[in-house]
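J.: Take a look and give me a structure for this.
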Amino acid sequence: MRTPPLQVRALRGLLSALIATLASFAAVAALVTAAPPARADTTICEPFGTTTIQGRYVVQNNRWGSSATQCVTATDSGFRVTQADGSVPTNGAPKSYPSVFNGCHYTTCSPGTSLPARLNTVSSAPSSISYGFVGDAVYNASYDIWLDPTPRTDGVNRTEIMIWFNRVGPIQPIGSPVGTATVGGRTWEVWSGGNGSNDVLSFVAPSAISSWSFDVMDFVRATVARGLAEDDWYLTSVQAGFEPWQNGAGLAVNSFSSTVQTGTDPGPDPDPDPDPGEPGGTACEVSYGTNVWQNGFTADVTVTNTGTAPVDGWRLAFTLPSGQRITNAWNASVTPSSGTVTATGVAHNARIAPGGSLSFGFQGAHGGTFAEPDGFRLNDAACTTA
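T.: Below you'll find the predicted structure:
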């Protein structure tokens, strides 16, 4: 076979190189064309409008306390408040709670969430948050944790835990201060109360925290220890956002993450009230005496340890009948002021010796027909009544 001239061979080489280069450009162009476009930010101005970010969290405008316009813009990692007109009095409820959440809230559940989850099946719930603050508004930066005795996905839960990362202006949590606590390695001022629909336990930072990674279950366990939830209740949602009273444009959740790690559900406890001598067992008797007058009453409560072991760090839980509210107490701390309350010992009576007893009391207000509570539980074990 005859070999082509040198000039022809060179030309063929150049053509081959050109074809390869054009093919490369075509491949790159195909990749660029096939790549999905960047997600555009979504702005929500409807009072209860929502959108999904990262395919796993829900951003909600949640403007419920004002008719003034509020808009939030959801980003790939969080949201920012882009318009926050109007104001409400600082001695009342805020005008909204723009936030991002994992879980279920008023029938809206985030995609793929593992919530609601029973508390005694949750090993940890790691979360992280980064806030963007402004100085020309009255607001708090609040992380909300919702708990309920049932795995509900709608309506109001029984207990709300609020973590105040920052507060600006003359505002305060629901209820009254009940001391301090160390949770997650930080010291918090603790407030306890109720808003008429649910119990609220608030942990207030002494100074602003702009970002933090922590375990949600640290705050849940602290709440259970105070008698405002039980281990067989459910974690329904975790939320990060703001409660503005005045203005609020520019506030931002720069980033948010939430994971709930669960194990195997242990199922119903076949013996929820262990007998004396069993692990966790407590034997007790409660005497509840009252002095009642129109719209008011006092209660004298005596707790007797009928077991053979001392009871340290005692907590007596019971539910006040509807319409009753505690105004002050002595020889114990009793919180919240209504609904399911928990009395805890103070420094001089934190232990009940075997066969021993202690007394505490409180004054309260009531409306309608007066009734006495029942179902007393000492450190989570049922007591008999005298």
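
J.: if you skip the residues just before and after it, what's nearest to the residue positioned nearest the centre of the chain?
T.: Nearest residue to the geometric centre of the chain (CA atoms, centre = their mean): residue 145, 0.7 Å. In this structure, residue 145 finds its nearest non-sequential neighbour in residue 161, 4.0 Å apart by CB to CB, 6 or more residues apart in numbering. C-betas here are computed from N, CA, C, even on glycine.

J.: What about that neighbour, how many residues nearby?
T.: Using other CB atoms under 10 Å, residue 161 has 23 neighbouring residues.

J.: What of residue 103?
T.: Based on other CB under 10 Å, the number of other residues close to residue 103 is 25.

J.: Listing partners with orientation, what would you give for the helix or strand hosting it?
T.: Per DSSP states H and E: residue 103 is located in strand 99-105. Strand 99-105 sits in its sheet next to strand 57-60 (antiparallel), strand 108-109 (antiparallel), strand 234-246 (antiparallel), going by DSSP bridges.

J.: Format those strands as TSV; extra columns: distance to residue 174, mean pLDDT and mean neighbour count.
T.: Converted to TSV, those look like this (distance: least, CB to CB, whole Å; pLDDT from 0 to 100; neighbours: other CB atoms under 10 Å):
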stretch	distance to residue 174	mean pLDDT	mean neighbour count
strand 57-60	21	96	25
strand 108-109	24	92	18
strand 234-246	11	97	26
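
J.: how about JSON lines for the ones you listed, with distance to residue 327 added?
T.: Formatted as JSON lines, the strands paired with strand 99-105 follow (distance: least, CB to CB, whole Å):
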{"stretch": "strand 57-60", "distance to residue 327": "37"}
{"stretch": "strand 108-109", "distance to residue 327": "38"}
{"stretch": "strand 234-246", "distance to residue 327": "27"}
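
J.: For residue 67, which of those is the nearest?
T.: Proximity to residue 67 (CB to CB) singles out strand 234-246 among the strands paired with strand 99-105, at 14.4 Å.

J.: Tell me the helix or strand right after that closest one.
T.: Remark: after strand 234-246, the chain's next helix or strand is strand 252-258, criterion DSSP H and E.

J.: For that next one, buried residues please.
T.: Residues 252, 253, 255, 256, 257, 258 are the ones in strand 252-258 that count as buried (16 or more other CB atoms under 10 Å).

J.: now stretch 59-67
T.: Result for stretch 59-67 [16+ other CB under 10 Å]: buried residues 59, 60, 61, 62, 63, 65, 66.

J.: what about the residue nearest to residue 145, distance to residue 229?
T.: Per CB to CB, to the nearest Å, residue 161 is found 9 Å from residue 229.

J.: cool, residue 349 as well?
T.: 25 Å.

J.: who's more crowded, those two?
T.: residue 229 (27 against 14).

J.: was I right about residue 316 contacting residue 341?
T.: No - checked against CB atoms under 8 Å, the pair residue 316 and residue 341 is beyond contact range at 9.0 Å.

J.: which secondary structure element contains the residue nearest to the centre of the chain?
T.: Assigned by DSSP H and E, residue 145 falls in strand 138-148.

J.: What pairs with that strand, parallel or antiparallel?
T.: With DSSP bridges as the test, strand 138-148 pairs up with strand 159-168 (antiparallel), strand 234-246 (antiparallel).

J.: Starting from the first one, tell me the next helix or strand along the chain.
T.: Per DSSP H and E, strand 159-168 leads on to strand 176-183 as the next helix or strand towards the C-terminus.

J.: Give me the contacts around that next one.
T.: For strand 176-183, the surrounding residues in contact (CB atoms under 8 Å, 6 or more residues apart in numbering) are 187-193, 203, 218-219, 222, 333, 335.

J.: 10 Å instead?
T.: If you take CB atoms under 10 Å, 6 or more residues apart in numbering as the criterion, strand 176-183 is touched by 163, 187-193, 201-204, 206, 214-215, 218-223, 225-226, 333-337, 344.

J.: So how do I select the buried members of the residues you listed in PyMOL?
T.: To isolate the buried ones among the contacts of strand 176-183 in PyMOL, judged by 16+ other CB under 10 Å, type:
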select buried, resi 163+188+189+190+191+192+193+201+202+203+204+214+215+218+219+220+222+223+226+333+334+335+336+337+344
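
J.: Return the distance of the residue nearest to residue 210 when sequence neighbours are not counted relative to residue 89.
T.: Distances taken as CB to CB, 6+ apart put residue 131 closest to residue 210, at 5.3 Å, once the chain neighbours are dropped. Distance of residue 131 to residue 89, given as CB to CB: 25 Å.

J.: which residues does the residue nearest to the centre of the chain contact?
T.: By CB under 10 Å, 6+ apart, the contact set of residue 145 is 103, 125, 127, 157, 159-163, 201, 203, 216-217, 219-220, 223, 229, 235-239.

J.: what's the answer for residue 133, then?
T.: Residue 133 neighbours (CB under 10 Å, 6+ apart): 139, 141, 165, 166, 168, 208, 210, 242, 250, 251, 252.

J.: which of those tops the neighbour count?
T.: Going by other CB under 10 Å, residue 242 tops the contacts of residue 133 with 28 neighbours.

J.: Bridge partners for it, pull those for me.
T.: Assigned bridge partners for residue 242, using DSSP bridges, are residue 141.

J.: what's the closest of the strands paired with strand 138-148 to residue 117?
T.: The nearest among the strands paired with strand 138-148, by CB to CB, is strand 234-246 at 5.3 Å.

J.: What about the residue lying closest to residue 65 once chain neighbours are set aside, how many residues nearby?
T.: Distance criterion CB to CB, 6+ apart; nearest residue to residue 65, sequence neighbours excluded, is residue 95 at 4.2 Å. Look at residue 95: counted by other CB under 10 Å, it has 24 neighbours.
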